[in-house]
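Chemist: can you look at this prediction? I've put the sequence above it.
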Amino acid sequence: MSTYVYGITTSTHPSLPEGMDGVGDPPCRVRVLREGELAALVSDAPEGLRPSAGTCSPTRT
């Protein structure tokens, strides 16, 4: 199973709102992973999840 990352913040950031749902149908539960001074907002990602056209375009340098 893949992991979907919604964002990264400081570990002191307040907790998630109650009942926050993530990606998928049915929606996966969003959780906070804390390590040191950082926290990541993540959920499991359903198999086959891909970005919609135009929402994510890789750049080359």
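Modeler: In hand now; what should we look at?
Chemist: how far away is the nearest residue to Gly22 once chain neighbours are set aside from Ser52?
Modeler: Leaving aside its chain neighbours, Gly22 sits nearest to Ser43 (3.3 Å; criterion: Cβ to Cβ, 6 or more residues apart in numbering). (Glycine included, C-beta is placed from N, CA and C.) Computed as Cβ to Cβ, to the nearest Å, the Ser43 to Ser52 distance reads 18 Å.
Chemist: cool, Val5 as well?
Modeler: Distance, Val5 to Ser52, by Cβ to Cβ: 17 Å.
Chemist: neighbour count winner among these two?
Modeler: Legend: neighbour count by other Cβ atoms under 10 Å for Val5 and Ser52, higher for Val5 (11 against 6).
Chemist: surely Leu41 meets Tyr4?
Modeler: No: using Cβ atoms under 8 Å, Leu41 is not in contact with Tyr4; the gap is 9.3 Å.
Chemist: for Ser2, list the residues it contacts.
Modeler: By Cβ atoms under 8 Å, 6 or more residues apart in numbering, Ser2 lies in contact with 44-45, 47, 49.
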